[in-house]
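> structure, please.
(4 chains)
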Number of protein chains: 4
Amino acid sequence: MPTLYNRIANQSLDRLSALSDGVFAFAMTLLVLDLRLPEQTAIHSEHDLWRALAALAPSLLIYVMGFLTLGIFWNGQQTQLNYIARGDRDLAWIHLAFLFTITLMPFSTRLLADFVHYRAAVLVYWLNVLAPGALLYASWKYVSRHDMIQSDTPPEVRAAICTRVFIAQSLYAVGAALSVFGSLWSVAFIFAVQLNYAIAPRLPKRRSAVPAP
Amino acid sequence: MPTLYNRIANQSLDRLSALSDGVFAFAMTLLVLDLRLPEQTAIHSEHDLWRALAALAPSLLIYVMGFLTLGIFWNGQQTQLNYIARGDRDLAWIHLAFLFTITLMPFSTRLLADFVHYRAAVLVYWLNVLAPGALLYASWKYVSRHDMIQSDTPPEVRAAICTRVFIAQSLYAVGAALSVFGSLWSVAFIFAVQLNYAIAPRLPKRRSAVPAP
Amino acid sequence: MPTLYNRIANQSLDRLSALSDGVFAFAMTLLVLDLRLPEQTAIHSEHDLWRALAALAPSLLIYVMGFLTLGIFWNGQQTQLNYIARGDRDLAWIHLAFLFTITLMPFSTRLLADFVHYRAAVLVYWLNVLAPGALLYASWKYVSRHDMIQSDTPPEVRAAICTRVFIAQSLYAVGAALSVFGSLWSVAFIFAVQLNYAIAPRLPKRRSAVPAP
Amino acid sequence: MPTLYNRIANQSLDRLSALSDGVFAFAMTLLVLDLRLPEQTAIHSEHDLWRALAALAPSLLIYVMGFLTLGIFWNGQQTQLNYIARGDRDLAWIHLAFLFTITLMPFSTRLLADFVHYRAAVLVYWLNVLAPGALLYASWKYVSRHDMIQSDTPPEVRAAICTRVFIAQSLYAVGAALSVFGSLWSVAFIFAVQLNYAIAPRLPKRRSAVPAP
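Next comes the predicted model:
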């Protein structure tokens, strides 16, 4: 029966991944769906159209940020699932809760795009970044406690996954706190943190490749 | 030819799972899509925005409930499919009918969110919970009768899947019946049942882990 | 290099299946998305709400029909792909064209739901059923001609796939022709044909199981 | 640990494919979603409905073009991923950026459908074709430089992937440049290039099949 159970569990991780990819793909595409086309009746010249498109640029920037957020969490969830040996019902529900927070992301991203000068929008966005982070952390704690991590996972990876969530969430919290000075400071800081997570990780990897025997 | 046929059948279960994950992912994301952003012209201060967001809270709670429902049925279908050895055309159509009821879920969830004080909305929602439950039950009966369950499935699992559907659906029926006292009683009861299904299963598992030799 | 090529080709069939499942899942969920909720301001009693929901019934029936159509084509494509040994660029484009006709299905289904008394809507719907059928037929002809069918596929399966498309499309054409008597005759006939495809296939299979040695 | 790492990397390519298929499936279906149904109140006869449907034809043609674009990039990404032996975080982010440009495609396609006589719309569309092309090129350069291509990939394939992107993008650039003569020239040229990519590749393959010993 352990064989049977393992097979089921693994398969269930596969379906969890598939469901997650569907939710992420959908949320990513929905973000941009809200870019409203200019009204045909309001456009009478090339100049009008360029101007209308330029007016969309700030929203587009917010959507880029929303996409980065989704990409970061997709990467984070995927990395975890890769190290998990088997799933169970509780883990499935932790990840379903995680996915629920992901489905809220298009809403809070559009809220931020429409109300970027309001602290309330920044704080809602931050809560929507805090929640999936906390759930990924809970997921890792859960699999650690129940011995569901793949046995050949090196200890430094086990620690690194927790550390990474902590550092990222601390930076986001700093970003949210910056909203006392103005919501745009928050947005700029969070955006910078995200760009760093998307683009920077190449650097340490190279360095760490040097001392390897 | 049995080899060929099995391969086809298995692959068909894979594609059925993939289609199901797509439908569930989509339905889950659509739920929240209907959270309407406040109108920019109606918001003049932080206070206005907080108030507008707070006004969305009851809808959000209904969406959480809709998400729980979808999560429960996703888990239920997945558990079944994991124990099924091969698919055929009839099974595919039972599950397509199941998926059709799932695609109706965003509609009935939004209906409930908009008309939570009406018994009609509660009953439609309950019918939309009854139908996929009945189809999952029909699916399990079908594979039992046609000997399509994996041969190493323990008998207690075979029985447990049916029992689970029955108990859950009985509780939902009680919930629907509570609407004679008021629709909110129904919603609260169904919500409690669902939370129990999502969060509680951890307890018995621990207990049952004790007597294992 | 044949090994490499086969691996690539197979993988490409996997991704074609995954893309198809995504498109079908999406189109299936979109169908119902158009069920418009009653306006909150127009509903003042349980009776109003039941009446508003009852008014949606004809549209819902058309959506069931659209879902059946999608289910039939999903089954048809899946059956074919299961017998295909490897893919290539041309086959991918035949199936991409097939998927394009599938993405049109929510449009023509909604068109039929809104204009069920118009022949034009019935004919557009029929064209949208004819096109994917023709493309599945083209796909099967293509893999037959280029020897891309799995070598252990029994000859009767090879013929059956063509025959099935032909019979189904002939029935749909009859259905479309019935629109000279009135569009509702067409819709009823096509609906009956589809229900037959979804529910009836169980019978011949049992009979054919008898003579097997 | 290399074994573990490879497994993780491969799995990550699988999930990248799954996410990509979801985004493409969604973007493909969204294209057509914007085909607006005629208003029921504006239609009083078969003739009205045919006329209203005929008025949608130009938009439909643009959507076909958008679908071709998505199909070409889906094929292009898939071909690349088939030759890549393992993934890493940087590659994931290159492909996430690629997917972001894909999620913009429904927007720029609808923009082109609504404003086909404006150069601005053509240039935005072209930028949206240039960006994913550039990112696919960057992806291939990245895996070449970091030795992540499958070792049995023939050298001519390595070169062909780059050449193909270059030729296609040069043709698109010519198409975009044609907008100085009128935006419709651009659209017609780009459309012709895409049809060629979707339909023509059959020819060289046959010819190349001849000299094979």
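> residue in chain A nearest to chain B?
Proximity to chain B, evaluated over chain A using C-beta to the nearest C-beta, is greatest for A:G22 at 2.7 Å. Heads up, the C-betas are built off the backbone N, CA and C, glycines and all.
> so what's that residue closest to, chain neighbours aside?
Nearest non-adjacent residue to A:G22, counting by C-beta to C-beta, 6 or more residues apart in numbering or on different chains: B:A25, 2.7 Å away.
> may I have the phi/psi pair for the nearest residue to A:Q150 once chain neighbours are set aside?
Excluding the flanking residues, the one nearest A:Q150 by C-beta to C-beta, 6+ apart is A:A85, at 4.5 Å. When read as degrees, to the nearest 10, the backbone of A:A85 gives phi -80, psi -30.
> show me what contacts A:A85?
Listed by C-beta atoms under 8 Å, 6 or more residues apart in numbering or on different chains, the contact set of A:A85 reads A:148-151.
> nearest residue to A:T109 other than its sequence neighbours?
In space, A:T109 is closest to A:G66, 3.4 Å off (C-beta to C-beta, 6+ apart).
> how many residues are close by that neighbour?
25 (other C-beta atoms under 10 Å in any protein chain shown).
> what's the answer for A:S144, then?
A:S144 has 13 nearby residues by other C-beta under 10 Å.
> is stretch A:132-139 positioned near chain D?
No. Figure legend: stretch A:132-139 not in contact with chain D (C-beta under 8 Å from any C-beta of the partner chain); closest approach 15.4 Å.
> in PDB, list the C-alpha atoms belonging to that stretch.
The C-alpha trace of stretch A:132-139 is given here as PDB (Å, rounded to 0.1, in the frame of the first residue of the first chain):
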ATOM      1  CA  PRO A 132       0.900  34.200  -0.400                       C
ATOM      2  CA  GLY A 133       4.300  34.600   1.200                       C
ATOM      3  CA  ALA A 134       3.000  33.500   4.500                       C
ATOM      4  CA  LEU A 135       1.200  30.500   3.000                       C
ATOM      5  CA  LEU A 136       4.400  29.400   1.100                       C
ATOM      6  CA  TYR A 137       6.200  29.700   4.500                       C
ATOM      7  CA  ALA A 138       3.400  27.600   6.100                       C
ATOM      8  CA  SER A 139       3.600  25.100   3.400                       C
END
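> residue nearest the centroid of chain A?
Nearest to the geometric centre of chain A sits A:F73, at 2.8 Å (C-alpha atoms, centre = their mean).
> what sits closest to A:V129 if chain neighbours are left out?
Nearest residue to A:V129, sequence neighbours excluded (C-beta to C-beta, 6+ apart): A:Y172, at 5.3 Å.
> whoops, I mixed them up, A:L19
A:L19 sits nearest to B:D21 (C-beta to C-beta, 6+ apart), 4.7 Å away.
> can you get me a residue count around that neighbour?
B:D21: 28 surrounding residues under other C-beta under 10 Å.
> contact partners for it?
Contacts of B:D21 by C-beta under 8 Å, 6+ apart are A:15, A:18-19, A:22, B:74, C:25.
> A:I161 too?
A:79-80, A:83, A:140.
> re the thing from before, which members of the contacts of A:A85 are classed as buried?
A:148-149 (16 or more other C-beta atoms under 10 Å in any protein chain shown).
> how about a markdown table for the contacts of A:A85, with pLDDT added?
Output for the contacts of A:A85, formatted as a markdown table (pLDDT from 0 to 100):
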| residue | pLDDT |
| --- | --- |
| A:M148 | 87 |
| A:I149 | 87 |
| A:Q150 | 84 |
| A:S151 | 83 |
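> looking at chain A, which helix or strand is least sure?
Lowest by mean pLDDT, DSSP states H and E among the helices and strands of chain A is helix A:202-209, with a mean of 43.
> which SS state does the residue nearest to A:G22 fall under?
Following DSSP: H, G, I helix; E, B strand; the rest coil, we place B:A25 in the helix state.
> next, count neighbours for it.
30.
> wait, it sits on A:R15?
No. Counting by C-beta atoms under 8 Å, B:A25 does not reach A:R15; the two are 10.9 Å apart.
> any residues of chain A in contact with chain D? List them.
Applying C-beta under 8 Å from any C-beta, we find that chain A lies next to chain D at A:17-18, A:21-22, A:24-26, A:28-29, A:31-33, A:35, A:37-38, A:40, A:43, A:46, A:49-50, A:53, A:64, A:67, A:71, A:74-75, A:78, A:82-83, A:150, A:152-154, A:198-199, A:201-202, A:205.
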